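*Asks:* Here you go, sequence then predicted model.
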Amino acid sequence: MDMSRSKRKIDHIRHALGHEREIHNHFDDVEIVHQSLARLDFNQISRTTNAGELNLSSPLFVNAMTGGGGEETKAINRDLAIAAHETGIAMAVGSQMSAIKRPEERSTYEVVREMNPDGKVFANVGSEASLLQAKEAIAMLKADALQIHINTLQELIMPEGDRDFTQRMHHIQQIIDGVEIPIIIKEVGYGISKETVRILYDMGIRYVDVGGRGGTNFSKVENMRRERPFSSFNNWGISTPSSILEAVSEYEDLHVFASGGIRSGLDGAKAMILGAQGFGMAGGLLKVLVNEGKDALVEEIDHIHKEFKMTMMLLNASTPSDLQKKPYVLTGATKEWYDQRIRVNL
Ligand SMILES: Cc1cc2nc3c(=O)[nH]c(=O)nc-3n(C[C@H](O)[C@H](O)[C@H](O)COP(=O)(O)O)c2cc1C
């Protein structure tokens with residue numbers, strides 16, 4: 001096995017769980033307007049949600065994290081997949097490039113489909129992947145959707161990271177043209193702007209995961225692995241609520257998933273109110289799994305589901321998509337962002 005890549009996977013998990021979170025989470029800038037007259041039966045509220053061609057039994061999904069780091073990452077993926085199966089949520093795997101380059105790592109990803117034969121599973125590759133590699137990643141999991149992650153700043157801070165992105169657009173276009181299942185372009189914690197959304201939409205993309213700033217911070221993760229860190233970039237990126245507002249402001253038929261710093265079912269509901277059609281959680285769920293085990297993770301997901309449904313109940317939203325029209329107030333930095341970037345164009 002390629003020890004340096006495998007060690008990097010484990011380092012990532014350790015640093016992703018260990019680094020300090022931002023003091024301010026921008027979901028706290030989003031205040032939902034309370035409505036007193038609830039009129040639904042809690043037990044009748046449905047979590048089922050549609051995002052384009054993806055029918056999900058919950059808007060919550062486990063976002064891309066791991067695989068390709070030997071037995072340790074296989075065990076994590078196995079437990080994440082069992083928890084996803086037991087709670088009926090979708091799950092993305094971490095970048096499959098390592099298994100494409102080293103077939104002996106395939107089982108660290110395949111375990112996800114084995115543990116969850118009928119669930120929704122998202123494949124994941126980087127934007128350097130060719131069409132053939134993307135197809136291999138999909139086949140490895142019989143995937144329901146493909147995430148292509150975009151992580152330029154992470155690569156630049158990573159000493160061994162990519163420096164040449166001249167083939168990126170060409171590769172993404174080939175995958176769009178050659179793959180049948182939904183393709184989700186995702187960031188990894190820096191957010192997606194409306195300018196980026198326009199380019200992606202013109203290429204044919206109809207799904208994005210904004211992967212905004214506020215949670216797992218890959219500048220900090222990679223800086224922890226550097227002798228001389230690029231700390232100036234620790235706060236680079238668009239916060240998740242601002243990035244949702246950017247992404248949904250452009251096209252009716254662009255399906256937006258939210259991730260990055262979602263701490264609870266209430267944050268997830270806020271993401272949906274801002275216009276997202278689903279929300280992913282990565283670092284927070286991994287922390288529960290690693291520190292407390294699989295049963296605790298199942299309990300955590302159940303708790304997040306309850307918080308989400310409580311918010312729906314309070315707002316008389318009988319389906320997750322009903323949340324999208326509910327009133328909210330923006331404060332602080334997110335209001336400033338909205339005023340200068342979104343409202344000016346309305
Ligand atoms: C340990 C770890 C590994 C990750 N690896 C990947 C990856 O391989 N591909 C990817 O698209 N995103 C990866 N991510 C990013 C997450 O999918 C997500 O976009 C990001 O962590 C923000 O969500 P969070 O704040 O809930 O953690 C990783 C996250 C963590 C915590």
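*Replies:* Received it, and whenever you're ready, just let me know what you need. Bear in mind the structure is a predicted one, so any value in this text is a computation, not a measurement. Residues are numbered from 1 along each chain as shown.
*Asks:* C-alpha only now, for contacts and for neighbours.
*Replies:* OK.
*Asks:* Surely M91 is in a helix?
*Replies:* No: looking at M91 with DSSP: H, G, I helix; E, B strand; the rest coil, it is strand, so not inside a helix.
*Asks:* Confirm for me that it is in contact with F61.
*Replies:* Yes: between M91 and F61 there is a contact under C-alpha atoms under 8 Å: 5.4 Å.
*Asks:* Where does K335 sit, in terms of helix or strand?
*Replies:* Using DSSP states H and E, K335 maps to helix 332-341.
*Asks:* Okay, buried residues for the helix or strand hosting M312 please.
*Replies:* Taking DSSP H and E as the criterion, M312 maps to helix 294-314. For helix 294-314, burial by neighbour count (16 or more other C-alpha atoms under 10 Å) applies to 294, 296-298, 300-301, 304-314.
*Asks:* and if you look at stretch 111-127?
*Replies:* Using 16+ other C-alpha under 10 Å as the test for burial, stretch 111-127 gives 111-113, 115-116, 119-127.
*Asks:* same question, stretch 47-56
*Replies:* Buried, per 16+ other C-alpha under 10 Å, within stretch 47-56: 47, 49-51, 56.
*Asks:* Determine which two of those residues are furthest apart.
*Replies:* R47 and A51 (12.7 Å; C-alpha to C-alpha).
*Asks:* Grab the nearest non-local neighbour of A247.
*Replies:* Residue nearest to A247 in three dimensions, not counting chain neighbours: K194, with 5.4 Å by C-alpha to C-alpha, 6 or more residues apart in numbering.
*Asks:* Burial check on that neighbour, number of neighbours?
*Replies:* 19 (other C-alpha atoms under 10 Å).
*Asks:* ok, now which ones touch it?
*Replies:* Counting by C-alpha atoms under 8 Å, 6 or more residues apart in numbering, K194 makes contact with 246-247, 249-250.
*Asks:* Need the max-distance pair from those residues.
*Replies:* Across these, the longest distance by C-alpha to C-alpha is 7.4 Å; it joins E246 and E250.
*Asks:* Do a quick rundown of the helices in the chain.
*Replies:* Applying DSSP state H to the chain gives helices spanning 3-18, 70-87, 97-101, 107-115, 131-141, 152-157, 168-178, 194-203, 218-223, 240-248, 265-273, 283-292, 294-314, 332-341.
*Asks:* For those, could you give me CSV that also reports distance to the ligand and mean pLDDT?
*Replies:* Listed next are the helices of the chain as CSV, based on distance: least, C-alpha to the nearest ligand atom, whole Å; pLDDT from 0 to 100:
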stretch, distance to the ligand, mean pLDDT
helix 3-18, 4, 85
helix 70-87, 10, 98
helix 97-101, 9, 96
helix 107-115, 11, 98
helix 131-141, 13, 98
helix 152-157, 11, 97
helix 168-178, 14, 98
helix 194-203, 17, 98
helix 218-223, 8, 96
helix 240-248, 9, 98
helix 265-273, 11, 98
helix 283-292, 4, 98
helix 294-314, 13, 98
helix 332-341, 18, 98
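*Asks:* Mind checking which of the buried residues of stretch 47-56 are in strands?
*Replies:* Using DSSP state E, the members of these that fall within strands are 49-51, 56.
*Asks:* wait, doesn't L153 sit right on S219?
*Replies:* Yes: with contact defined as C-alpha under 8 Å, L153 and S219 form a contacting pair (7.3 Å).
*Asks:* sorry, back to before: which one's more surrounded, E246 and E250?
*Replies:* Using other C-alpha under 10 Å, the more surrounded residue of E246 and E250 is E246, with 23 against 15.
*Asks:* how much space between the more buried one and Y109?
*Replies:* Distance of E246 to Y109, given as C-alpha to C-alpha, to the nearest Å: 33 Å.
*Asks:* Pull the contacting residues for the residue sitting furthest away from the middle of the chain.
*Replies:* Ranked by distance from the centre of the chain (C-alpha atoms, centre = their mean), the top residue is L37, with 33.5 Å. Counting by C-alpha under 8 Å, 6+ apart, L37 makes contact with L314.
*Asks:* circling back: settle it for me: which of L153 and S219 has more neighbours?
*Replies:* Remark: of L153 and S219, S219 carries more neighbours, 25 against 20, as counted by other C-alpha under 10 Å.
*Asks:* give me every residue that touches that one.
*Replies:* By C-alpha under 8 Å, 6+ apart, the neighbours of S219 are 153-154, 157, 230-231, 233-235.
*Asks:* circling back: ok, now how distant is the residue farthest from the centre of the chain from L315?
*Replies:* For L37 relative to L315 (C-alpha to C-alpha), the value is 8 Å.
*Asks:* then the helix holding M312 to CSV, C-alphas only?
*Replies:* Extracted in CSV, the C-alpha atoms of helix 294-314 (Å, rounded to 0.1, in the frame of the first residue of the first chain):
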residue,chain,number,x,y,z
LYS,A,294,-22.0,3.4,15.9
ASP,A,295,-25.0,3.2,18.3
ALA,A,296,-24.4,6.8,19.4
LEU,A,297,-24.2,7.9,15.8
VAL,A,298,-27.6,6.3,15.1
GLU,A,299,-29.0,8.2,18.1
GLU,A,300,-27.4,11.4,16.9
ILE,A,301,-29.1,11.1,13.5
ASP,A,302,-32.4,10.3,15.1
HIS,A,303,-32.0,13.4,17.3
ILE,A,304,-31.2,15.6,14.2
HIS,A,305,-34.3,14.2,12.5
LYS,A,306,-36.5,15.0,15.5
GLU,A,307,-35.1,18.6,15.6
PHE,A,308,-35.8,18.9,11.9
LYS,A,309,-39.4,17.7,12.3
MET,A,310,-39.9,20.0,15.3
THR,A,311,-39.0,23.0,13.2
MET,A,312,-41.4,21.8,10.4
MET,A,313,-44.1,21.3,13.1
LEU,A,314,-43.6,24.9,14.4
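*Asks:* This completes my enquiry, with thanks.
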